[in-house]
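A.B. asks: The sequence isn't on hand, but the structure is:
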């Protein structure tokens, strides 16, 4: 308020808290006012802080009519301060850049796309139902074109926080751009009229910082945090690189050069996550002498999809599908994506708000690249495939099937240096068409082998697997895309893949089961499906019988409410291995069940019980530490164990058949690249 000259300002104290409006000393204010004739006296202005005065004023701050005596008649003017923004131009609307994202469209003359638009025509083809976990740093969750990440919490341990080891005080973009550009490629908001559109714009997203305040570099731990948070069918993108094969700095290769990252990746793949890994920007030959067998897939394989960087083919950029100079390469690489000229969110080289150039929420780039730019192409493609699989078949594909699918259906690498492999460019149209033709086979977790009802192992031949041992077909490795079920043990039949055949049972060809088709066979309580034929499951022939019929059958026993196999039955010949070992009067000789009273079988039993556990169960046999014997001269070497180059135990069982041909079944107990994996 302003009072009349000479008035006593203490009267204002009846209205509220009073203080001079101007904070300079009154003497200094008066001196300023005397600098020239006619200048106002600023010492007449006071600040009164009390809402009570508002009752005497209009909304505009003028005295109400009849309020001239307000403040004892000493107030001449009243000003009510209002805080308003400074005058500036309004924020500009960001243009729509989708027309510039050539990689979204089909691959045809003049356009080197991955056909994401084709995948969007399928339910789940935009990544819906899948979470993509980005393992790195530098995300701007407030970007206008990343609506789905606005409230997503970072995957961190308690009291820890994300950190960026490469923040450059002279360039803000380094602090907020790398992860933001990666997310823009994959999950840029669709149909909002601005910016870019993500390849998997329907997917959820998770962010796992690979560098934190408390842990520092925590790459492997970030992978496990993503596994713990997600579910089978989700995708993990590893955007980091590492010095490769002990070479000097600058020779960058995949992050899995670090063994802890390699093993964390195997865990992720083994738990059903598709892991996509940037190959690195060091132009390293992973097949070179310095790397040895580290990237020899036949020796060790994390299960990750390894991605190189290829030319985009767009105007002013490199020729399509040719290796870019910086990209690490080698036979371990699976596929490639664009490594240059990618339109996405962040950095600001292509667009900034012209009225507010420091507003990083409206920054866009047309030059994102490297294997960091290529990786999101593949991660998003994998997410779309899994999204379609879950909608079409009710569950995701095995990660190794997705890897093989993308590799087999990709568009071939071009140029003069195809010997420096970066793999084909992902091609969603061909991959989706092949996926849908494959039928219903979904991911099931890897398990330790357990015996099935017929005494054999229930196994699945992972048809994208590799074993250093040959199968009975004579091939040096097993590798294909589909999955099929087989069953080893007494029941006969061969696996769907034709790669392995177990010993036929005496009842395997009985017409009781053999004429049944697969669905009826599986539903039958006394039959079981063995690869491609229906065979008897004699372990179940007592199940379901009435009490009268059960007691009438010498091989069955009524236990009070159900009919079960009589473990004391003298009929050892017809028992499978599981039931034989349970029967008090029977012993398993390695191939068949025989009565313990038959002394002629003792030697055969010891010779063929080549597992320690089975040998110790046989009362007439001794385990000497290596083999099962009934005397010191009877040594058996039918089982050999060795440790593979990747550290996993490989067991080879050599089983002579009636024709003298040895069937070799190789079992690799590991995570992501088993020759056989097991389901109960």
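C.D. replies: All right, it came through fine. Being a predicted model, the structure only gives us computed values, none of them experimental.

A.B. asks: contacts and neighbour counts: CA atoms only from here.
C.D. replies: OK.

A.B. asks: helix or strand right after whatever helix or strand residue 371 lives in?
C.D. replies: Using DSSP states H and E, residue 371 sits in helix 370-393. Sequence order places helix 399-409 as the next helix or strand after helix 370-393, per DSSP H and E.

A.B. asks: Next secondary structure after that following helix?
C.D. replies: helix 428-438.

A.B. asks: quick one, that next one and helix 399-409 angle?
C.D. replies: 120 degrees (axes from the mean of the first three to the mean of the last three C-alpha atoms, to 10 degrees).

A.B. asks: Which other helices and strands does helix 428-438 contact?
C.D. replies: With contacts taken as 3 or more C-alpha pairs under 8 Å, 6 or more residues apart in numbering; DSSP states H and E, helix 428-438 sits against helix 116-119, helix 370-393, helix 399-409.

A.B. asks: Most tightly packed of these?
C.D. replies: Burial of these is given as mean neighbour count (mean count of other C-alpha atoms under 10 Å); helix 370-393 ranks first at a mean of 28.

A.B. asks: same for that one, what does it pack against?
C.D. replies: By 3+ C-alpha pairs under 8 Å, 6+ apart, helix 370-393 packs against strand 131-136, helix 178-187, strand 235-238, strand 274-278, strand 305-310, strand 335-338, helix 428-438.

A.B. asks: export those to JSON lines and tack on mean pLDDT, mean neighbour count and distance to residue 551?
C.D. replies: Formatted as JSON lines, those follow (pLDDT from 0 to 100; neighbours: other C-alpha atoms under 10 Å; distance: least, C-alpha to C-alpha, whole Å):
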{"stretch": "strand 131-136", "mean pLDDT": "96", "mean neighbour count": "26", "distance to residue 551": "56"}
{"stretch": "helix 178-187", "mean pLDDT": "96", "mean neighbour count": "28", "distance to residue 551": "66"}
{"stretch": "strand 235-238", "mean pLDDT": "98", "mean neighbour count": "30", "distance to residue 551": "56"}
{"stretch": "strand 274-278", "mean pLDDT": "98", "mean neighbour count": "30", "distance to residue 551": "54"}
{"stretch": "strand 305-310", "mean pLDDT": "98", "mean neighbour count": "32", "distance to residue 551": "59"}
{"stretch": "strand 335-338", "mean pLDDT": "98", "mean neighbour count": "33", "distance to residue 551": "64"}
{"stretch": "helix 428-438", "mean pLDDT": "95", "mean neighbour count": "18", "distance to residue 551": "48"}
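
A.B. asks: who wins for proximity to residue 366 among the ones you listed?
C.D. replies: Across the helices and strands packed on helix 370-393, residue 366 has its closest neighbour in helix 178-187 (10.1 Å, C-alpha to C-alpha).

A.B. asks: For stretch 34-47, give the mean pLDDT please.
C.D. replies: In this model, stretch 34-47 has an average pLDDT of 91.

A.B. asks: Now it: buried residues?
C.D. replies: Buried positions in stretch 34-47, judged by neighbour count with 16 or more other C-alpha atoms under 10 Å: 41, 42, 43, 44, 45, 46, 47.

A.B. asks: so what strands line up beside the helix or strand where the last one lies?
C.D. replies: For residue 47, the enclosing helix or strand under DSSP H and E is strand 46-49. Strand partners for strand 46-49, identified by DSSP bridges, are recorded as strand 17-20 (antiparallel).

A.B. asks: Beyond the partner strand, next helix or strand please.
C.D. replies: helix 26-33.

A.B. asks: Show me what counts as buried in stretch 413-432.
C.D. replies: Neighbour counts over stretch 413-432 (16+ other C-alpha under 10 Å) mark 413-414, 420-432 as buried.

A.B. asks: Residue 338 reaches residue 376, doesn't it?
C.D. replies: No - the criterion here is C-alpha atoms under 8 Å, and residue 338 misses it with residue 376 at 9.4 Å.

A.B. asks: and the angle for the helix holding residue 371 with helix 178-187?
C.D. replies: Using the same axes, to 10 degrees: helix 370-393 against helix 178-187 is 30 degrees.

A.B. asks: How many residues are close by the residue nearest to residue 178 when sequence neighbours are not counted?
C.D. replies: Distance criterion C-alpha to C-alpha, 6 or more residues apart in numbering; nearest residue to residue 178, sequence neighbours excluded, is residue 138 at 5.6 Å. Around residue 138 there are 22 other residues, counting by other C-alpha atoms under 10 Å.

A.B. asks: Can you classify residue 138 as helix, strand or coil?
C.D. replies: Assigned with DSSP: H, G, I helix; E, B strand; the rest coil, residue 138 falls in the coil class.

A.B. asks: when you give positions from now on, start the count at 43
C.D. replies: Let's use 43 as the start, then, which means that last one is residue 180.

A.B. asks: Let me know the pLDDT of it.
C.D. replies: 88.

A.B. asks: wait, it sits on residue 224?
C.D. replies: No - here residue 180 does not reach residue 224: they are 9.9 Å apart, not a contact under C-alpha under 8 Å.

A.B. asks: Among the helices and strands packed on helix 412-435, which comes closest to residue 445?
C.D. replies: Nearest of the helices and strands packed on helix 412-435 to residue 445, taken as C-alpha to C-alpha: strand 347-352 at 5.9 Å.

A.B. asks: other SSEs contacting that closest one?
C.D. replies: Applying 3+ C-alpha pairs under 8 Å, 6+ apart, one finds that strand 347-352 contacts strand 316-320, strand 377-380, helix 412-435.

A.B. asks: before we move on, the earlier item: the helix holding residue 413 vs strand 347-352, what angle?
C.D. replies: Going by the same axes, to 10 degrees, helix 412-435 makes 130 degrees with strand 347-352.

A.B. asks: ok and helix 412-435 relative to strand 173-178, angle-wise?
C.D. replies: Using the same axes, to 10 degrees: helix 412-435 against strand 173-178 is 160 degrees.

A.B. asks: could you give the angle of helix 412-435 to strand 316-320?
C.D. replies: Angle, helix 412-435 to strand 316-320, by the same axes, to 10 degrees: 160 degrees.

A.B. asks: tell me which residues of stretch 193-211 are tucked away?
C.D. replies: 197, 198, 204, 205, 206.

A.B. asks: now stretch 590-606
C.D. replies: Using 16+ other C-alpha under 10 Å as the test for burial, stretch 590-606 gives 592, 597, 598, 599, 600, 605, 606.

A.B. asks: Okay, and the beta partners of the fourth one?
C.D. replies: Spelled out, that is residue 599. Here residue 599, judged by DSSP bridges, has bridge partners residue 606.

A.B. asks: Distance of it relative to residue 605?
C.D. replies: Counting by C-alpha to C-alpha, to the nearest Å, the separation of residue 599 from residue 605 is 6 Å.

A.B. asks: Report the set of residues contacting both of these two.
C.D. replies: Listed contacts common to residue 599 and residue 605 are residue 592; contacts here mean C-alpha atoms under 8 Å, 6 or more residues apart in numbering.

A.B. asks: and residue 140, how far is that from residue 180?
C.D. replies: For residue 140 relative to residue 180 (C-alpha to C-alpha), the value is 24 Å.
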